[in-house]
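Student: I would like the atomic coordinates for the input below:
(one chain, ligands or ions: 1)
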Amino acid sequence: MQSVNWETFIFGNGTIDACYSNTALGFPCEQGSIPNIGVDAHSVEDVQAAVKFASSHDLRLVVKNTGHDYLGRSTARGSFLIWTHHLKNITYHETFVPAGAGPSTSHSNAITLGAGVQWYEAYDAVEAHGRILVGGLSARASVGAAGGWISGGGHSALSPSHGLGIDNALQFTVVVASGRHITANAHSHPDLFWALRGGGGGTFGVITSVTYQTHPSVPLVGAFFSGNFTSPETAKGVITEFIRIHPYLAGAGWGGYSFFDNSSLNAFYVALNTSWEAANATWLPFFDFARNASTDSPSPQTFTVPFDSFFSWYRALFSGGMQVGTNVYLGSRLIPTDLVESDHAKVTETLLAIDGVTSWHAIAGGEVSKRKASSAEGASAAVIDAAKVRLTSKVNKLEALVPGAGAYFNEAFPFEKNPQRTFFGHHYGRLRLIKLQYDPKGLFVVANGVGSEDWDPSLNCRR
Ligand SMILES: Cc1cc2nc3c(=O)[nH]c(=O)nc-3n(C[C@H](O)[C@H](O)[C@H](O)COP(=O)(O)OP(=O)(O)OC[C@H]3O[C@@H](n4cnc5c(N)ncnc54)[C@H](O)[C@@H]3O)c2cc1C
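Tutor: Here you go, the predicted structure:
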C-alpha cells in the first residue's frame, strides 16, 4: 500500500500486527492487514477464475490495482486478493461504437485502458495520437487510470474544462460476482454503468477495462504562485483573496492545486484554450494584490508560462518525485461554490484554524458543475488513536463550515460518522439496489462502500 499504515492491523487490546520496514525496531515481520494469498491476474479469464474461486469458498475478497488508496480499501487482513496491475492492454479507436449501440452512436478518438494501466502510460498513449485525457495528476502519474480513480469519480486539473473522469467514460467491462464478464455503457447494463461512475471501487465487480473519450491536444498556460509570509495576518489576507477568486477561475477553465497554512501559499494552476494575455489578465490582479500585501523578502514568486500541450505541462511538473511509504489519514470536504461566493472570509478562516497545511484542490466548478451524472513507523495504538481523534476534530470543523456537505470518496476520512450520506448522498438508495442486483451475496465489500453497513467492521461476517 502507498499509505503503509493500512498494512498494519490493530487488535482490540492495542497490540499491533505488522511488518515494519525499519528492522532496527526489532519486531518480527507479521502479516498485518496484507491479504494471505491472491491472484496476480494477467487476463480477464484469470479475474473470472479468481472471482468464482472467492465466491465458492466464501472468501473475504479484495481488489487491488496500484494500492494508492487513502482509505485502505485495497487490502484487508485475512483476505484473498485479486491484483489487476498486469492488465495493461491499451487500444486506441479512431472510431468507437459502444457495445449495444447503433452505428449512429459513434465516438471518435476514444481509448480503452486495461484495469492495470496507470496515468503515465495512458498519457503517453494518447500523446502519440495528438490527444489528451482527463486523468489523475501525481508524482510520476502513478495512480491507476481504470480502477479506484474512475470508480470514485476521478478528478483532474483539466476537469473545469472537460469534466470529471466519469463524465469522459464511455464504457466499462467488468467481471461481476457470478463470474460473468459484461459490458456496461449507456446501452448495455446502463444501471451498472451509472453505479460504476462514482459508486466506489471494489464494490460492484472487478473492472477489467474502461474506454474514455479523448480530447484534442491544445496549447495551454500554467500559473504558479509561491509565497512565504512572516505575518499570519498577511497570509490570511492573501489566502482570503485567493479563495475569493476561485469561482471565477473555475468558470474560466482554470484547475489546479494549492497548499496553504498560516505562513505560506503555494499554487500551480492550468487552463486549456487560453492565450498568455488572457491568463495574465486573470492572474496579475491577484499576483499584484499578494505582492502589495507582503512586506516579506523575497516577495511572492509569481508567473504564468505558456506550454505547447498538456503533455509538456504534465511532464514538466509531475515526472519526478515519489510518494510511497508514508503513513497517512486524510480528512476532506467538498466546498460549494456558493459558500465561497457568499463568505470566502469564513471559508479561509475555518481552513486556517485547522492546524497543519490545507491541500485545496481546484478541480470542480466549470464543466464539472454542468455535467450530471503521520505518525512514525512503530507508533503505538494509543498514538494512532490520538491521531484519529485530532483528525476527527479537524473534520468536525469542516462539517461545521458546510453542514451535510459531501466528501470525495477517494480522498476522504476513513472514519466518517455517516459514510453513506457523506460519500453518496441521495444516490445511496439506488446504488444499493444495483449492488444487490449484481452482487446479491455481498462478495465485493470495501470499508465505507455501498452495502458495507451490512457487515461487521472486519467485513467478514454479516451483522
Ligand atoms: C499520489 C496520489 C495522487 C492522487 N491523485 C489523484 C488525482 O489527481 N485525482 C483523483 O481523483 N484522485 C487522486 N488520488 C486518489 C485516487 O483516486 C485514489 O487513491 C484511488 O482509490 C486510487 O485507485 P487505484 O486503482 O490506483 O488504487 P487501489 O488502492 O489499488 O484501489 C482503490 C480502490 O479501487 C478498487 N479497485 C481498484 N481496481 C479495481 C478494479 N479493477 N475493479 C474494481 N475495483 C477496483 C480497490 O478495491 C479499492 O477499493 C490520488 C492518490 C494518490 C495516492
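Student: Show me which residues of the stretch 351-463 of the chain are close to the ligand?
Tutor: Within the stretch 351-463 of the chain, the positions near the ligand by Cβ under 6 Å from any ligand atom are 410-411, 446. The C-beta positions use only the backbone N, C-alpha and C, and glycine is treated the same way.
Student: ok, now which ones touch the residue in the stretch 201-350 of the chain positioned nearest to the ligand?
Tutor: In the stretch 201-350 of the chain, the residue that lies nearest the ligand is Gly201 (2.3 Å; Cβ to the nearest ligand atom). With contact taken as Cβ atoms under 8 Å, 6 or more residues apart in numbering, Gly201 is in contact with 63, 69, 73-74, 147-148, 151-152, 410, 446, 449.
Student: Which secondary structure state does the residue nearest to Gly72 when sequence neighbours are not counted sit in?
Tutor: The shortest distance from Gly72 to any non-neighbouring residue, by Cβ to Cβ, 6 or more residues apart in numbering, is to Trp6 (3.5 Å). At Trp6 the chain is in helix, as set by DSSP: H, G, I helix; E, B strand; the rest coil.
Student: now the strands: where do they sit in the stretch 51-200 of the chain?
Tutor: Along the stretch 51-200 of the chain, counting by DSSP state E, counting those that start in this stretch, strands occupy 61-64, 80-83, 90-96, 107-114, 131-132, 169-175, 181-185.
Student: residues making contact with the shortest one?
Tutor: If I follow you right, that is strand 131-132. By Cβ under 8 Å, 6+ apart, strand 131-132 touches 109, 111, 123, 126, 158, 214-217, 309-311.
Student: Tell me which residues touch Ala382, please.
Tutor: Gly14.
Student: Can you list phi and psi of it for me?
Tutor: phi -70, psi -40 (degrees, to the nearest 10).
Student: The ligand versus that one, what's the distance?
Tutor: Per Cβ to the nearest ligand atom, to the nearest Å, Ala382 is found 27 Å from the ligand.
Student: any idea of the pLDDT on that residue?
Tutor: Predicted confidence (pLDDT) for Ala382: 90.
Student: again with Gln323
Tutor: For Gln323, pLDDT reads 69.
Student: Adding distance to Asp261 and pLDDT, write the contacts of Gly201 out as TSV.
Tutor: Output for the contacts of Gly201, formatted as TSV (distance: Cβ to Cβ, whole Å; pLDDT from 0 to 100):
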residue	distance to Asp261	pLDDT
Val63	36	98
Asp69	26	96
Arg73	29	97
Ser74	30	97
Gly147	32	98
Gly148	29	98
Ser151	32	98
Gly152	27	97
Asn410	24	96
Val446	32	96
Gly449	32	97
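Student: Can you pull out the low-pLDDT segments for the stretch 351-463 of the chain?
Tutor: The model of the stretch 351-463 of the chain has pLDDT under 70 over residues 371-376.
Student: Find the closest residue to the ligand in it.
Tutor: Closest residue of the stretch 351-463 of the chain to the ligand, Cβ to the nearest ligand atom: Asn410 (3.8 Å).
Student: And that residue, how far from Arg180?
Tutor: For Asn410, the distance to Arg180 (Cβ to Cβ, to the nearest Å) stands at 27 Å.
Student: Same check on Ser359?
Tutor: Ser359 sits 40 Å away from Arg180, going by Cβ to Cβ.
Student: Equivalent analysis for Thr282, please.
Tutor: 50 Å.
Student: And Val63, by the same measure?
Tutor: Counting by Cβ to Cβ - Val63 and Arg180 are separated by 16 Å.
Student: Between these two, tell me which one has more neighbours.
Tutor: Val63 (28 against 12; other Cβ atoms under 10 Å).
Student: which bits of the stretch 151-300 of the chain sit near the ligand?
Tutor: 151-152, 154-155, 201-202, 206-207.
Student: Identify the farthest-apart pair in these.
Tutor: Taking Cβ to Cβ, the two most distant members of these are His155 and Val206; they sit 22.9 Å apart.
Student: So which residues of the stretch 301-450 of the chain form helices?
Tutor: Remark: helices assigned in the stretch 301-450 of the chain by DSSP state H, counting those that start in this stretch are 310-318, 337-353, 367-370, 381-401, 419, 428-438.
Student: looking at the ones you listed, which is closest to Leu192?
Tutor: Using Cβ to Cβ, the helices of the stretch 301-450 of the chain put helix 428-438 closest to Leu192, at 6.0 Å.
Student: So which other helices or strands are in contact with that closest one?
Tutor: Where contact means 3 or more Cβ pairs under 8 Å, 6 or more residues apart in numbering; DSSP states H and E, helix 428-438 is packed against helix 190-196.
Student: Which other helices and strands does the helix it packs on contact?
Tutor: Packing partners of helix 190-196 (3+ Cβ pairs under 8 Å, 6+ apart): strand 169-175, strand 181-185, helix 428-438.
Student: ok and the helix or strand immediately after it in the chain relative to strand 169-175, angle-wise?
Tutor: Per DSSP states H and E, helix 190-196 leads on to strand 206-213 as the next helix or strand towards the C-terminus. Orientation check (axes from the mean of the first three to the mean of the last three Cα atoms, to 10 degrees): strand 206-213 against strand 169-175 gives 160 degrees.
Student: Show me what strand 206-213 is packed up against.
Tutor: Using 3+ Cβ pairs under 8 Å, 6+ apart: strand 206-213 touches helix 44-56, strand 107-114, helix 148-152, helix 165-168, strand 169-175.
Student: what mean pLDDT does the second one have?
Tutor: Regarding strand 107-114, the rounded mean pLDDT is 97.
Student: So what touches it?
Tutor: Here strand 107-114 makes contact (Cβ under 8 Å, 6+ apart) with 87-98, 122, 125-126, 129, 131, 133, 145-146, 170-171, 208-214.
Student: is it up against the ligand anywhere?
Tutor: No: for strand 107-114, no contact with the ligand is found by Cβ under 6 Å from any ligand atom; the gap never falls below 9.1 Å.
Student: Where does the prediction get shaky in this protein?
Tutor: The model of the chain has pLDDT under 70 over residues 323, 371-376.
Student: can you tell me which residue is nearest the centre of it?
Tutor: Asn410 (4.3 Å; Cα atoms, centre = their mean).
Student: Cheers, nothing more for now.
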